[in-house]
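Chemist: Got a sequence here, can you build the structure:
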Amino acid sequence: MLALAALALTVGIGIVRGALAPTEPVPVASDTVDAPAVTPAPDAAPAELYVHVAGAVRAPGLYVLAAGARVVDAVAAAGGFADDADRSAVNLARVVTDGEQLYVPTPGEQIATPAEPAGAPGDGRVNLNTADVAALDTLPRIGPAIAQRIIDWRDEHGTFTSVEDLLAVPGIGEKMLDALRDLVVV
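Modeler: Numbers count the residues shown, from 1 in each chain. Presented below is the predicted three-dimensional model:
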């Protein structure tokens, strides 16, 4: 009886979640590549996001999600977690970014990530998407507190898509951005 109640609650939550979703995710087949490419204006946020969901999900593939979608939406679009998924290894609340690959591991699986340099090779700039607190702290006017805010913003919103994204980090304004613009890269 308890198992039946838990199942009903799970189904009910799924129905409510589906009713509240802004748009239904649409899977994109890998053989539909001949669609014309559309490049959005540099300052315009895309209305749709293409996210490659891979690993321990029921239907891995490329999905089109609404702008502002979160990891929970991407996993749902891919049919949900597979039975062997390590659910605790995935931050379901994180906002996904256009062009991202979201990988869901199995328990104990080590995810191989390509090594990324802290900046562009040999130019000394700091990469906002890979730098740790120590690397960010080397920048002028950036101390440990603001460095941590940059990392927190990156963890919550995904990768920086431009240096101007720094303006969304609490404590960074136009003057500080001007001082950092030539010292950082995304």
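
Chemist: quick one: buried residues of the longest strand along the chain?
Modeler: Secondary structure of the chain per DSSP state E: the longest strand is strand 48-55. By neighbour count, and taking 16 or more other Cβ atoms under 10 Å as the criterion, the buried residues in strand 48-55 are 48-49, 51-53, 55. All C-beta spots, glycine's among them, are computed from the backbone N, C-alpha and C.

Chemist: Go through those residues and name the one with the lowest pLDDT.
Modeler: Lowest-confidence member of the buried residues of strand 48-55: residue 49, scoring 84 (pLDDT).

Chemist: what's the burial count for the closest residue to it other than its chain neighbours?
Modeler: Of all residues not flanking residue 49 in the chain, residue 98 sits nearest, at 4.4 Å (Cβ to Cβ, 6 or more residues apart in numbering). A count of neighbours around residue 98, defined by other Cβ atoms under 10 Å, yields 15.

Chemist: got it, and the one 10 residues further on?
Modeler: The local packing count at residue 108 equals 7, with neighbours defined by other Cβ under 10 Å.

Chemist: confidence score at residue 113?
Modeler: Confidence at residue 113, expressed as pLDDT, is 46.

Chemist: Dump the buried residues of strand 48-55 to JSON lines, plus distance to residue 154.
Modeler: Putting those into JSON lines (distance: Cβ to Cβ, whole Å) gives the following:
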{"residue": "48", "distance to residue 154": "22"}
{"residue": "49", "distance to residue 154": "17"}
{"residue": "51", "distance to residue 154": "17"}
{"residue": "52", "distance to residue 154": "20"}
{"residue": "53", "distance to residue 154": "21"}
{"residue": "55", "distance to residue 154": "22"}
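
Chemist: Quick check: of these, which lies closest to residue 173?
Modeler: Proximity of the buried residues of strand 48-55 to residue 173 (Cβ to Cβ) peaks at residue 49, which lies at 28.2 Å.

Chemist: which residues pair with that closest one across the strands?
Modeler: Listed beta-bridge partners, residue 49: residue 65 (assigned using DSSP bridges).

Chemist: how about residue 180, phi and psi?
Modeler: Main-chain torsions, residue 180, degrees, to the nearest 10: phi -100, psi -20.

Chemist: How many neighbouring residues does the residue nearest to residue 182 when sequence neighbours are not counted have?
Modeler: Counting by Cβ to Cβ, 6+ apart, the nearest residue to residue 182 once its immediate chain neighbours are dropped is residue 125, at 7.7 Å. When neighbours are defined as other Cβ under 10 Å, residue 125 has 19 of them.
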